[in-house]
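Requesting a structural model of the entry that follows:
(2 chains)
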Amino acid sequence: MNAPHPDRHPDRQANPQSDRPATPARRLVLVTLGLTGLLAVAVAIAVSFGAAAVPLWQRLFLGSAWSEAQQAILLALRLPRVLTAAALGGLLGVAGVAFQALLRNPLADPYVLGVSGGASLGGVVALIVGVGGLGVPLAAFIGALVSLVAIERIATSGGRLTVLTLLLTGAIFNAFSAALIYFLQSVASREELSAIVFYLMGRVPSSGALTLVGLWAAGVAITLALFASARDFNALTTGEEGASQLGVDVERLKRRTFVLGSLATALAVSSAGLIGFVGLVVPHLLRRLLGPDHRLLLPAAFLGGASFLVLADLAARTLAAPTELPVGVVTALLGGPFFLLLLRRRGAGFAGSAGSRNSGGSGG
Amino acid sequence: MAPVADTVAETPPLLEVRDLSVAYGTRLALDGVTFRLAPGEVVGLLGPNGAGKSTLVRAISGVLTDDSGSVKLRGDELRSLPRKEIARRIAVVPQEPRFDFPFTVLEVVVMGRHPHLAGLAFESGHDLAIARQALERCGALHLAARPIDQLSAGERQRIVFARALAQQAPILLLDEPVSFLDLRFQVELFDRVRELAEAGTGVVAVLHDLNLAAEYCDRIVLLQAGRVVAAGSTTEVLTYKNLTAVYETEIYVDLNDLTGALVVTPLSSRARRRLLQVSAGPPELPEVPEPSGLPARAADGRPATP
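Take a look at the predicted model:
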């Protein structure tokens, strides 16, 4: 009951008297390297499986050559899709951390602040109007930007962005977009309807080279831009006034975070529809493993989110082959129970030290 | 608003609040407050609930935007300074610090170094050493690795004080810094405050405990309904007349025979009844314990134990 101190971050058990504690900079390098390795493994596994097997390890370790068909599948089909999944997962993970920091609530996800509603509405309109190809993601992105600007305007009064108003505005935008989407569904033809439903459930597209480069560049840029505010986010956990008294320009930080997080969400939703749970479960799990320091969390959430969505998309492609499951269904099926498990473990962690110590190990 | 004619002092004061007013809606929380703080001085902000003490602390720390009047730090208008510069000059110990995420105690104290770090920089070994030193001064180094959200309210209060120490600012604002501390830690915390003052820090402390204020403050600013009703040395301000008027309850002030400290005693209704009985003059005065009577009473307390 009264254990001296339940330790929720096993790898942070630095001896307080030790002369050389693991500094945040050292831990950042270790975490980044470790998770980059994880992502590389996830990508290697994901490109190896599918309708046709392209076993990467045979090529790497046994020196056996691929057939031309295998090479074509790998380069033209699978790698672009896997790398798209990675970029989108990274964007969602980072957006989750950003909004959790902004709202000072670990249960926030990329979709709470309303931009996703505008994006899906834009995409659905494009599907109904019948623009093909890049028209749908473009329309979705425009929808997201319009709602971003509108939400920011509405939630600002007297030059200040109020977090509570932001949250309420976002909820209303989401509800309003959902109502409009239901309306459009009710007047859509049968084919349009099924296209809309699948779009909304989330599916990782196989992007062209240009889109792929764009998504990765945006993902890395947004992560770095948020990372530049990481210490400010740490201070913000003590409240807006507390952060201000520690020297943080809170108004600027809130605005920047809302815009950057919303851009990440907009890119993800407009490319792939509503893929749930990535932006909630990944930051949450990483916070449990690494602690709440945003200097670690932000890069970790990008790499962790990327790995998670790569594997979830692999499951979506292969579990019910030859049919493909919507990846949003897979992330929800994996993420939901897993998240509940985390919450249960956390309950145990508050009561005593033993439970939480175990959860760190089994979580990874 | 006041003309800048009376700038006589060669070096501007550490902190100068002039004609500061703050309105929450239509209610004036502060109404023309003026006071100064010099280096090495501990100023107590006293006053009843709702007098505007916490509002004054918030205004001085620059988190209120729609105040009128002027707050100057070493002659620089507070509003013209960037947030980081303000935090380098003023460290705040808030009344109710909140911690929504499980940072360790050391991480929280290191946050005090935030205003000294540029952009993306990670804190150096030097910053960590300052943080540890601050914890040690507060007798809390053994808590360094504990998650802050698992500490008691009193422990958290000491950690936040340590964070303010790590901030190494020339001005320290304390808003009810000992509300959750037992007597030992109250005394220890204010002993640290006095040490800081002796080293040149200017301290403004909001206090409810008038005895602590009497013991540790050099000057008192007494607030009522947003106005300064008395300001001056502790003996000037802490009087029966001032306190009884401001707190709207009878408050006696005398000197402790042993320590020579001012002792402030609010008159409880029980004490009032005792006084009335005394003035009515019944012969049954409570027995005055003789010096030798003390051990006897202690033995009375536990009769059955050897």
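
Looks like residue A:177 contacts residue A:115 (just checking).
No - Residue A:177 lies out of contact with residue A:115 (Cβ atoms under 8 Å); the separation is 9.9 Å. Any C-beta I mention is one placed from the backbone N, CA and C, and that applies to glycine too.

Now list whatever residues contact both of the two.
residue A:147 (Cβ atoms under 8 Å, 6 or more residues apart in numbering or on different chains).

The two: who's more crowded?
Neighbour count, other Cβ atoms under 10 Å in any protein chain shown: between residue A:177 and residue A:115, residue A:115 has more, with 34 against 22.

these two touch, right, the more buried one and residue A:266?
Yes - in this structure residue A:115 lies within contact range of residue A:266 using Cβ under 8 Å: 5.4 Å.

anything in contact with each of these two?
With Cβ under 8 Å, 6+ apart as the test, residue A:115 and residue A:266 both reach A:144, A:148.

Nearest to chain B: which residue in the stretch 251-364 of chain A?
Closest to chain B within the stretch 251-364 of chain A is residue A:292: 3.8 Å, counting by Cβ to the nearest Cβ.

give the contact list for that residue.
So residue A:292 contacts A:234, A:237, B:101, B:102, B:103 (Cβ under 8 Å, 6+ apart).

Correct me if wrong, but the third one is in a strand.
No - when classified by DSSP: H, G, I helix; E, B strand; the rest coil, residue B:101 is found to be coil rather than part of a strand.

Kindly tell me how buried it is, as a neighbour count.
Count around residue B:101 with other Cβ under 10 Å applied: 24.

ok, for it, nearest residue in space, not its chain neighbours?
Ranked by Cβ to Cβ, 6 or more residues apart in numbering or on different chains and with sequence neighbours excluded, the top spatial neighbour of residue B:101 is residue A:292, at 3.8 Å.

Confirm the one you found sits in a strand?
No - Residue A:292 sits outside any strand when classified using three-state DSSP, being coil.

next one: phi and psi at it?
Dihedral angles of residue A:292 (phi, psi; degrees, to the nearest 10) stand at phi -90, psi 10.

ditto for residue B:68
Dihedral angles (degrees, to the nearest 10) for residue B:68: phi -120, psi 160.

List the contacts of it.
Neighbours of residue B:68 in contact, by Cβ under 8 Å, 6+ apart: B:1, B:19, B:20, B:21, B:22.

Return the distance of it relative to residue B:85.
22 Å (Cβ to Cβ, to the nearest Å).

Point out where chain A drops to low pLDDT.
A:1-22, A:51-66, A:346-364 (pLDDT under 70).

where's the most centrally placed residue in chain A, which helix or strand?
Residue closest to the mean C-alpha point of chain A, counted by Cα atoms, centre = their mean, is residue A:92 at 2.0 Å. Residue A:92 is part of helix A:79-103 when elements are defined by DSSP states H and E.

I'd like to know which elements that helix is packed against.
Counting by 3 or more Cβ pairs under 8 Å, 6 or more residues apart in numbering or on different chains; DSSP states H and E, the packing neighbours recorded for helix A:79-103 are helix A:24-48, helix A:163-187, helix A:209-227, helix A:230-236, helix A:250-272, helix A:278-290, helix A:294-318.

May I see those organised as CSV, with distance to residue B:178 added?
Converted to CSV, the helices and strands packed on helix A:79-103 look like this (distance: least, Cβ to Cβ, whole Å):
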stretch, distance to residue B:178
helix A:24-48, 32
helix A:163-187, 31
helix A:209-227, 38
helix A:230-236, 24
helix A:250-272, 28
helix A:278-290, 33
helix A:294-318, 32
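
Format the ones you listed as TSV; extra columns: distance to chain B.
TSV is the format used below for the helices and strands packed on helix A:79-103 (distance: least, Cβ to the nearest Cβ, whole Å):
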stretch	distance to chain B
helix A:24-48	4
helix A:163-187	13
helix A:209-227	8
helix A:230-236	6
helix A:250-272	8
helix A:278-290	8
helix A:294-318	7
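
Would you tell me which of those helices gets closest to residue B:47?
Closest approach to residue B:47 among the helices and strands packed on helix A:79-103 (Cβ to Cβ): helix A:250-272, 28.3 Å.

Of all the residues in that closest one, which ones are buried?
A:250-251, A:253-272 (16 or more other Cβ atoms under 10 Å in any protein chain shown).

Just want the residue of the stretch 201-306 of chain B that's nearest chain A.
Closest point on the stretch 201-306 of chain B to chain A, by Cβ to the nearest Cβ, is residue B:204, at 13.6 Å.

Surely that residue is within a strand?
Yes - under three-state DSSP, residue B:204 falls within a strand.

what number of residues lie near it?
So residue B:204, with other Cβ under 10 Å, has 27 neighbours.

which ones are touching it?
B:15, B:37, B:43, B:45, B:57, B:60, B:171, B:172, B:173, B:174.

if you set the cut-off to 10 Å instead, what comes out?
By Cβ atoms under 10 Å, 6 or more residues apart in numbering or on different chains, residue B:204 lies in contact with B:15, B:17, B:35, B:37, B:41-45, B:53, B:56-57, B:60-61, B:90, B:92, B:171-175, B:217, B:221.

Please apply the same query to residue A:136.
So residue A:136 contacts A:122-127, A:129-130, A:195, A:199, A:205, A:270-271, A:273 (Cβ under 10 Å, 6+ apart).

related to what we said a few turns ago, pLDDT score for the residue of the stretch 201-306 of chain B closest to chain A?
Looking at residue B:204, its pLDDT stands at 96.

separation between the closest residue to residue A:325 other than its chain neighbours and residue A:203?
Once flanking residues are discounted, residue A:325 sits nearest to residue A:316: 4.5 Å by Cβ to Cβ, 6+ apart. Distance from residue A:316 to residue A:203, counting by Cβ to Cβ: 8 Å.
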